[in-house]
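**Q** here's my sequence, what's the structure:
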Amino acid sequence: GGNTKERAAHMAFCRNKYLDIIKEKHIDVDYVVVVDTDLFGWEIQGLVSSLGYDNWDAMTSNGLDINLNSFIYYDIWSYVVDGKLNMEETKLSDLFYNPPVPIQSGFGGLAIYRTPAIMSAEYGVAVVDGGVGSEHVGLHQNMTRAGFGRIFLNPAQTTLRLDKETIKGNDKALIEKLLI
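**A** Next up, the predicted model:
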């Protein structure tokens, strides 16, 4: 557990396995979608909206956690803006109706990559201003070095992460409404 260099290295090793499979099998697709399978869900219209934008290499999600009845961007370990890892709770729900925002790194539980962009790089450990970033920060730094640095957070591409305590009781019905 924890946001450590060892955890980032382990996650990078695991995520690079799927990149190896795509390369070995010569899978010919326009996009690669990376999803954390422990998500509660995602907003499909937001996901589709990302495909309507031009000039991007990676489109990351507005990954939200319900915390005390407010939506907080939960993937702060992957969120880099202006060269700085932002390890503070961030309320990105204010951006819901805005177009994608340029960032240096993000994830939010789901990201869409143009295949040439993600195939140009691999996951790794990254140290940025603010500390050690997640394996996604390493991937995005490597993509940028390879000329694929057009990385965005699409506020409409929303994912929800919940812990078991949040799901208990009536909260589940409310949360399911949000995803419809």
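**Q** what number of residues lie near the residue lying closest to residue 125 once chain neighbours are set aside?
**A** Distance criterion C-beta to C-beta, 6 or more residues apart in numbering; nearest residue to residue 125, sequence neighbours excluded, is residue 8 at 4.6 Å. All C-beta spots, glycine's among them, are computed from the backbone N, C-alpha and C. Neighbour count for residue 8, taken as other C-beta atoms under 10 Å: 23.
**Q** name the residues of stretch 146-159 that are buried.
**A** 148, 150, 151, 152, 153, 154, 155, 156, 157, 158, 159 (16 or more other C-beta atoms under 10 Å).
**Q** ok, the fifth one to residue 73 distance?
**A** To tie it back to what came earlier, the one meant is residue 153. With the distance defined as C-beta to C-beta, to the nearest Å, residue 153 ends up 9 Å from residue 73.
**Q** which parts of this protein are strands?
**A** For the chain, applying DSSP state E gives strands covering 31-35, 41-42, 58-67, 70-73, 80-81, 84-85, 101-103, 110-114, 126-128, 131-133, 151-161.
**Q** among these, which comes closest to residue 18?
**A** For these, proximity to residue 18 was assessed by C-beta to C-beta; strand 31-35 is nearest, at 7.8 Å.
**Q** and the closest one, how far from the chain's centre?
**A** Distance of strand 31-35 from its chain centroid, counting by C-alpha atoms, centre = their mean, to the nearest Å, is 10 Å.
**Q** so what secondary structure elements neighbour it?
**A** Packing contacts for strand 31-35, counted by 3 or more C-beta pairs under 8 Å, 6 or more residues apart in numbering; DSSP states H and E, involve helix 5-24, strand 110-114, helix 115-119.
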